[in-house]
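*Asks:* quick one: sequence plus predicted model below, questions after.
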Amino acid sequence: YKGAQGASPKTRTKKAAKQLATELSELAAEDFAAAVKKGDPGSTKNAGRMYRGILEPGPELALFKLEKGEVSPPIDTPRGFWVVKRLK
């Protein structure tokens with residue numbers, strides 16, 4: 001979104017980005033792969049094993065609080081909104 005780290009000047013507003021992230025989070029709860037396809041080009045359906053200290057603090061805290069199979073609500077980070085799913 002505008003103002004996020006690395007965002008282009010033509011990117012969406014923060015409000016529009018949060019709305020999209022909310023929609024993707026809801027879709028991800030049912031079909032994470034489909035949500036990834038609708039997400040940004042950096043999205044992935046499996047980032048592999050994540051150890052503490054690798055991710056930014058917000059996504060890391062959310063990820064390790066989730067139960068197996070659970071999807072997070074949108075997480076605001078300096079680089080935009082993230083949605084994460086705990087696989088194991």
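*Replies:* Cool, the structure landed.

*Asks:* how many residues are close by Phe81?
*Replies:* Close neighbours of Phe81, defined as other Cβ atoms under 10 Å, add up to 24. Where C-beta positions appear, they are placed from N, C-alpha and C, glycine not excepted.

*Asks:* just the pLDDT for it.
*Replies:* Looking at Phe81, its pLDDT reads 95.

*Asks:* what lines up beside the helix or strand hosting it in the sheet?
*Replies:* Per DSSP states H and E, Phe81 falls inside strand 80-82. Partners of strand 80-82 in the sheet, by DSSP bridges, are strand 75-77 (antiparallel).

*Asks:* show me what counts as buried in the partner strand.
*Replies:* 75-76 (16 or more other Cβ atoms under 10 Å).

*Asks:* same check on stretch 23-30?
*Replies:* Neighbour count says stretch 23-30 has 24-25, 27-29 buried, by 16+ other Cβ under 10 Å.

*Asks:* what about those, which are in helices?
*Replies:* 24-25, 27-29 (DSSP state H).

*Asks:* in TSV, list those residues along with pLDDT and distance to Ala7.
*Replies:* Formatted as TSV, these follow (pLDDT from 0 to 100; distance: Cβ to Cβ, whole Å):
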residue	pLDDT	distance to Ala7
Leu24	95	17
Ser25	96	20
Leu27	96	23
Ala28	94	22
Ala29	94	26
